[in-house]
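**Student:** Can you look at this prediction? I've put the sequence above it.
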Amino acid sequence: MTSTVTALVVGGAGYIGSHVVHDLCAAGHQVVVLDNLSSGDVDNLPAAARFIKGDILEGDSLDDAMSGDIDVVFHFAALKDAGESMSEPARFAHHNITGSLRLIDSMLRAGITRIVFSSSAAVYGSPQYLPVDEQHPLDPDNYYGYTKRAIEENLAWFAQLKGLQYACLRYFNATGYDRQGRVRVREHNTGNLSPLIMEVAAGLRQRLTVFGDDYETRDGTCVRDYIHVNDLASAHLLAMDKLMDGNHTIVLNLGTEIGSTVLEIVEAARRITGRDIPIEITGRRYGDPATLVASSRQAHEMLGWSAQHSDLETIFESMCPLYGIW
């Protein structure tokens, strides 16, 4: 266990970032949060965290955030809608790639050399084999995935040229909310499956659109690897510990190694919420592989980590209070 550190969490008021901030504070670490609140909410932060409203594209707020003897940076700030990335690539390049390069530059100028980066399984694209491990070729199907790949490549270059130490954590499908109820405000404008299901369950939308039921899967709908956000957060602290202990390069998948179909997810939500969740089947979306499931063996071996809270029942039970169910 690492002794107390001072961590800067960029995008720390957002969905995954806020869960990591709570865990860092609960572990006794000092935390500074930099967030532009485009999708996050300051009410999700613990009182112990220092909050700076700012953006990684703004030099002044970055320099302010870097000024407090920071030991490690967590980087969650990014646009993430894969569909939008295909229609607005320049905006995604500016926010995700240019913003990350500015963040790295500001870190190095401040003498900060450790970063934990929020990457994505989108770097892999359509799987050539399953489960997908870290040696799988990187061939993104959408521009969002390309931005994550480009940032990972830049981290590797800065490690070689400037001594940067980094962890790239490739998420599969993050879902759920804090099991202790510390995160109180839902993520804004999310397009992910489980929040959309819960919006239908809560009466906030009429039905769920299911994109395709003719895949070569057990019920025709896509299979994905869903991981509870508390499990993701715990992996970030373990990765930080490894960096603080002198590990220079960490690249790991974070998933459950278990896949669920869209219809299985909907049925679990119906069972847990007790609500009718109407669905509408439409055609496939471009770029959606039939099955995407992680191998997390390297995370087990390097971090001693495995998913503990990612069964479908726990996922939806943790979401119900934020949607006014129960």
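**Tutor:** Arrived safely, thanks for sending. Residues are numbered from 1 along each chain as shown.
**Student:** Tell me which stretches of this structure form helices.
**Tutor:** 15-26, 59-65, 82-87, 89-92, 99-109, 143-162, 193-201, 229-244, 262-273, 297-303, 312-319 (DSSP state H).
**Student:** right, so of these, which gets closest to Gln135?
**Tutor:** helix 297-303 (9.4 Å; CB to CB). Where C-beta positions appear, they are placed from N, C-alpha and C, glycine not excepted.
**Student:** now the closest one, how far from the centre of its chain.
**Tutor:** 18 Å (CA atoms, centre = their mean, to the nearest Å).
**Student:** before we move on, what about stretch 129-142?
**Tutor:** Put simply, stretch 129-142 sits 17 Å off its chain's centre (CA atoms, centre = their mean).
**Student:** do stretch 5-17 as well
**Tutor:** Distance, centroid of stretch 5-17 to centroid of chain: 12 Å (CA atoms, centre = their mean).
**Student:** Domain-wise, how is the chain divided?
**Tutor:** 6-175+226-254, 193-224+257-323 (automatic domain parsing).
**Student:** So what's the residue count around Met240?
**Tutor:** Counted with other CB atoms under 10 Å, the neighbours of Met240 add up to 26.
**Student:** Next one, pLDDT for Ser61 please.
**Tutor:** Predicted confidence (pLDDT) for Ser61: 88.
**Student:** right, I mislabeled it, should have said Thr2
**Tutor:** The model reports Thr2 with a pLDDT of 65.
**Student:** returning to what we had before: nearest to Ala47, out of the helices of the chain?
**Tutor:** Ala47 sits nearest to helix 15-26 of all those, at 8.7 Å, using CB to CB.
**Student:** any idea of the angle that closest one forms with helix 229-244?
**Tutor:** For helix 15-26 against helix 229-244, the angle by axes from the mean of the first three to the mean of the last three CA atoms, to 10 degrees is 60 degrees.
**Student:** before we move on, back to that, and of the helices of the chain, who's closest to Ala290?
**Tutor:** Per CB to CB, nearest to Ala290 of the helices of the chain: helix 262-273, 11.2 Å.
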